[in-house]
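**Q** turn this into a model:
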Amino acid sequence: MSMFNILYKPAYELVEEFKENPDLMLDYVAKTYERIKEVEPKLNAFITLRSYDDVVKDVEKVMARLRKGERMRLPGILVAVKDNISTKGLRTTCASRILHDYIPPYNATVIERLIKEGAIIVGKTNMDEFAMGSTTENSAFGPTRNPWNTELVPGGSSGGSAVAVSAAESTLALGSDTGGSIRCPASFTGTVGIKPTYGLVSRYGLVAYANSLEQIGPIARNVLDATLLLEIIGGDDPRDSTTLGISLDELFNKVMNSEYSLEGVKLAIVKEMVYGADEEVLKVFYEAVNKLISEGCVVNEVSLPIVKYSLPAYYIIAMAEASSNLARFDGLRYGLHIPVSGRSWYDVYMEVRSKGFGIEVKRRVLLGSFVLSAGYNEQFYLKALRVRRLIRDSLMKVLKEFDFIISPTMPVLPFKIGERIEDPLKLYVIDVETVLANLAGIPAVSITCGFSNDLPVGLQIMSPPLTEFKLLSFSKSLEYALGFRDLVPKGV
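**A** All right, here's what the predicted structure looks like:
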């Protein structure tokens, strides 16, 4: 089997082949590491890559489990993990100097579930520091590059995970999504990204940025692979009180066997979500919409004026929660250490945070502290929480009338590294399509709907809370109708 045949084969097909012939796993791992050696210097998708020998040892254990007749859902499948998810004994930096040598003593719940199902962690992927960014440029370990064109950003903050999957350095990956951090890089790299319903996946072991907004989710090269990964990582966790106690058992089989007809599906396009998107993006998006109409979908445009407040509400809430969460990084218990003898706590804290945090993290912590401060709390933070409720109510009204809300995932095509980094407002505004799902706590998927200038364009689909089966069944039908899955990038 050629390198590309095995590396770009869907995970659910590889699983069946590995069960029939466990020795194939060793060939798969060898070819993956050949691929990593070839492309990683150009892409910088990983912060910490596990050694080939350590991975082979894990594979051999999985092979032994298979031969004993143990049932596993992901035996031998390589999974890349965003570097803000705790992995026992494996460095977890959040792409920050302040955690440059931090090695967690425990696994996140999602990692425990992957290991139980025979998945192999290949390494920890690059990201925007503490998940604060949309380009994977805000990293203490340098920017990650887009495999479709290495001069361009891959999106963020889960850019390393999306690039690892797109460039076949890994078959599957985990990211986290606070305001689009899975869907943005999925759109920019031609992969599939799922932001699950809030509370569907445990956040235990996720280094917190904004607790009320973020969710761990899958990145894959097709909808079925992403569904399989979601089924494994989802479900109740007593260690995370925000989990909903919902079981995802058999989600993959149900989606795989579903024949979700596009005939009569009611789709809403929110006018305020597409307004201002670049012409190249809108051209591809509406070509996809016309294709869906020809397949029998009913598409209507609706107006939601409240949407114009989504970005400010999102950034106020996210930054406020970030300023609270990042207060724990003081250099005393773990992470960056400096001499403390004879110095005041104020001087020690100031030096640790000055040296440890990057500029974007500092900016968001300062803004978050400001909106929470006396005199401004009511004016900004509490008002943003009220706007959030109005946004959720407005979206739910639309989703009672329509099956799904669709939009471009991102309003722009991938742009050059360094092009927007100096102007934070230019970066914040590109989250306009994605933050709604996080504010409302609803699920959203990004799939590829076409290309412009040889660059992938993502289509975002949103649905009501806990409708993942319906959403993913529709996304699978859409993926086949549009014809974009298991894409091989042209840049590497």
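
**Q** where does Asp27 land in three-state SS?
**A** The three-state label given to Asp27 by DSSP: H, G, I helix; E, B strand; the rest coil is helix.

**Q** so how far is stretch 419-434 from its chain's centroid?
**A** Using Cα atoms, centre = their mean, to the nearest Å, we find the averaged C-alpha position of stretch 419-434 to lie 17 Å away from the chain's own average C-alpha position.

**Q** which parts of the strand or helix carrying Val255 are buried?
**A** Element membership of Val255 [criterion: DSSP states H and E] is helix 251-257. Of the residues in helix 251-257, those buried under the neighbour-count criterion (16 or more other Cβ atoms under 10 Å) are Leu251, Phe252, Val255, Met256. To be clear about C-beta, it is placed using only N, CA and C from the backbone, and glycine gets the same treatment.

**Q** which two among those residues are spaced furthest apart?
**A** Taking Cβ to Cβ as the measure, those span a maximum distance of 9.4 Å, between Leu251 and Met256.

**Q** what is in contact with the two at once?
**A** Counting by Cβ atoms under 8 Å, 6 or more residues apart in numbering, the shared contacts of Leu251 and Met256 are Thr227.

**Q** contacting residues for the most centrally placed residue in the chain?
**A** Computing the C-alpha centroid of the chain and ranking residues by Cα atoms, centre = their mean puts Ile182 first, at 2.2 Å. Contacts for Ile182 (Cβ under 8 Å, 6+ apart) come out as Ser158, Ser161, Ala162, Gly175, Ser176, Gly193, Ile194, Lys195, Gly217, Pro218, Ile219, Ser446.

**Q** any chance of those in CSV, plus secondary structure, pLDDT and distance to Lys476?
**A** Below are the contacts of Ile182 laid out as CSV (DSSP: H, G, I helix; E, B strand; the rest coil; pLDDT from 0 to 100; distance: Cβ to Cβ, whole Å):
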residue, secondary structure, pLDDT, distance to Lys476
Ser158, coil, 98, 22
Ser161, helix, 98, 21
Ala162, helix, 98, 19
Gly175, strand, 98, 20
Ser176, strand, 98, 24
Gly193, strand, 98, 15
Ile194, strand, 98, 12
Lys195, strand, 98, 17
Gly217, strand, 98, 17
Pro218, strand, 98, 14
Ile219, strand, 98, 16
Ser446, strand, 98, 14
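
**Q** most neighbours, which of the residues you listed?
**A** Using other Cβ atoms under 10 Å as the neighbour criterion, Ser161 leads those with 40 neighbours.

**Q** residues contacting it?
**A** For Ser161, the contacting residues are Ala45, Ala80, Val81, Lys82, Thr125, Met127, Ala173, Leu174, Gly175, Ile182, Pro185, Ile219, taking Cβ under 8 Å, 6+ apart as the criterion.

**Q** repeat that for 7 Å
**A** Contacts were defined as Cβ atoms under 7 Å, 6 or more residues apart in numbering; by that measure Ser161 touches Ala80, Lys82, Thr125, Ala173, Leu174, Gly175, Ile219.

**Q** now the residues you listed as CSV including distance to Pro414 and secondary structure?
**A** Listed next are the contacts of Ser161 as CSV, based on distance: Cβ to Cβ, whole Å; DSSP: H, G, I helix; E, B strand; the rest coil:
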residue, distance to Pro414, secondary structure
Ala80, 20, strand
Lys82, 19, strand
Thr125, 18, strand
Ala173, 18, strand
Leu174, 22, strand
Gly175, 17, strand
Ile219, 16, strand
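
**Q** show me which of those is closest to Asp236.
**A** The shortest gap between Asp236 and any of the contacts of Ser161 belongs to Leu174, at 18.5 Å (Cβ to Cβ).

**Q** okay, the residue lying closest to that closest one once chain neighbours are set aside: pLDDT?
**A** Excluding its sequence neighbours, the residue lying closest to Leu174 (Cβ to Cβ, 6 or more residues apart in numbering) is Val81, at 5.0 Å. At Val81 the predicted local distance difference test score is 98.

**Q** tell me which element Gly245 is part of?
**A** When elements are defined using DSSP H and E, Gly245 is found to belong to no helix and no strand.

**Q** quick one: low-confidence residue ranges for the chain.
**A** 1-4 (pLDDT under 70).

**Q** can you give me the strands in it?
**A** Listed from the start of the chain, the chain has strands (DSSP state E) covering 46-49, 78-82, 120-125, 172-177, 192-195, 215-220, 266-270, 298-302, 404-408, 444-452, 455-462.

**Q** I'd like to know which of those strands is closest to Met350.
**A** Closest approach to Met350 among the strands of the chain (Cβ to Cβ): strand 46-49, 26.4 Å.

**Q** kindly export the closest one (C-alpha atoms) in PDB.
**A** What follows is strand 46-49 as a C-alpha-only set of coordinates in PDB (Å, rounded to 0.1, in the frame of the first residue of the first chain):
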ATOM      1  CA  PHE A  46       3.700  20.100  16.600                       C
ATOM      2  CA  ILE A  47       5.200  21.600  19.700                       C
ATOM      3  CA  THR A  48       6.000  18.200  21.200                       C
ATOM      4  CA  LEU A  49       6.300  15.100  19.000                       C
END
